[in-house]
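Colleague: Sequence and predicted model, in that order:
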Amino acid sequence: MKQSKNILTEKEMELVQMLMQDCKSTGDIQSKLKRLFAEKIEQMLEAEIRRLP
């Protein structure tokens, strides 16, 4: 049986719970996600800029 791409594994759910345990609002969640992914997104954008003619 094929599993849906939207279903999280047990380990993924544990990670989500750990990350969100101190979040009290959607703003808290957005701020935490921004901090988690900001560096990687910046690296991807810089790489894309370097590829432009």
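Modeller: Everything's here; your move. Numbering: from 1, shown residues only.

Colleague: C-alpha only now, for contacts and for neighbours.
Modeller: OK.

Colleague: Show me which residues of the helix or strand where Val16 lies are buried.
Modeller: Using DSSP states H and E, Val16 falls within helix 10-20. Within helix 10-20, no residue counts as buried by 16 or more other C-alpha atoms under 10 Å.

Colleague: Touching that helix from outside, list them.
Modeller: Defining contact as C-alpha atoms under 8 Å, 6 or more residues apart in numbering, one finds that helix 10-20 is touched by Ile29.

Colleague: tell me the average confidence for the next helix or strand along the chain from that helix?
Modeller: Towards the C-terminus, the helix or strand next in line after helix 10-20, according to DSSP H and E, is helix 26-51. Mean pLDDT, helix 26-51: 92.

Colleague: Neighbours of Cys23, how many?
Modeller: Using other C-alpha atoms under 10 Å, Cys23 has 13 other residues around it.

Colleague: what's the closest non-adjacent residue to it?
Modeller: Ile29 (6.0 Å; C-alpha to C-alpha, 6 or more residues apart in numbering).

Colleague: neighbours of that neighbour, just the number please.
Modeller: 14.

Colleague: when you give positions from now on, start the count at 59
Modeller: Done: numbering now begins at 59, and the last item shifts to Ile87.

Colleague: Give me the distance between it and Gln75.
Modeller: Ile87 sits 12 Å away from Gln75, going by C-alpha to C-alpha, to the nearest Å.

Colleague: do Met102 as well
Modeller: Distance from Met102 to Gln75, by C-alpha to C-alpha: 27 Å.

Colleague: just Arg93 next, same as before
Modeller: Arg93 sits at a distance of 17 Å from Gln75 (criterion: C-alpha to C-alpha).

Colleague: before we move on, what about Glu100?
Modeller: 26 Å.

Colleague: How about residues contacting stretch 80-100?
Modeller: Outside stretch 80-100, the residues touching it (C-alpha under 8 Å, 6+ apart) are Met78.
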